[in-house]
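# coords please:
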Amino acid sequence: MSDLVVMLGDSLSAGNAWNRAFPGLAIRNMGVDGDTWAGLWNRLNEVAILQPAKVFLQIGINDLLRGAPPDEIVAGHRRIWRDLGKKSPETRLYVISLLPYLEEALPGLPPNLDIIYINLALAEKAEQSGLDFINLFPLFADEDYQLRLDYTSDGLHLTPKGYRVWEEALRPVLEP
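Now for the predicted structure:
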């Protein structure tokens, strides 16, 4: 077991300089642009071989944007949780909620209410599995459950200001 922290997910995880935000920690950003839960699951061995102390998992928005039903995304998460637990049993897994997006910027996609449903299901299943769930959704949503304009560059991806919000939410679990 190392003291390594892994940020695991899609472009939202990949898009931040986590090492700069937490300079005293060994952090490996394993976010991949456009990734889905299945793509992430297929590269889980790359994570497990590192035997990290902590993994912060945030995945699912690309699945939703590609038409996957919410229950499939939750099931995909559970598959990742189970397999990572088997392959790296000492790793502490933190499940991070999906973030809202700006529906106006991405018309024709499922509403943010689907993301709220997914997050509620992830929170429940994480608790049942003894995992930590970090709900970022309320920190990023405006009063209409849309991604706040000052936190996004395109309605989905985050600005530096948005990443600072995410970093501050993780600071209590990353910095003793």
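# what sits against the nearest residue to Asn29 once chain neighbours are set aside?
Closest residue to Asn29 apart from its sequence neighbours, by Cβ to Cβ, 6 or more residues apart in numbering: Met7 at 4.8 Å. C-beta coordinates here come from the backbone N, C-alpha and C atoms, glycine included. For Met7, the contact set (Cβ atoms under 8 Å, 6 or more residues apart in numbering) comprises Ser13, Asn16, Trp18, Ile27, Arg28, Asn29, Met30, Gly31, Phe56, Gln58.
# Mind telling me what element Met7 is part of?
strand 5-9 (DSSP states H and E).
# helices and strands around the helix or strand just after that strand, which ones?
Downstream of strand 5-9, the next assigned helix or strand under DSSP H and E is helix 11-14. Identification of packing neighbours for helix 11-14 by 3 or more Cβ pairs under 8 Å, 6 or more residues apart in numbering; DSSP states H and E yields strand 27-31, strand 54-58.
# and the first one with strand 5-9, angle?
The reference is to strand 27-31. Orientation check (axes from the mean of the first three to the mean of the last three Cα atoms, to 10 degrees): strand 27-31 against strand 5-9 gives 10 degrees.
# quick one: buried residues of the following helix or strand past strand 27-31?
Toward the C-terminal end, the helix or strand that comes next after strand 27-31 (DSSP H and E) is helix 37-42. Of the residues in helix 37-42, Trp37, Leu40, Trp41 count as buried by neighbour count, 16 or more other Cβ atoms under 10 Å.
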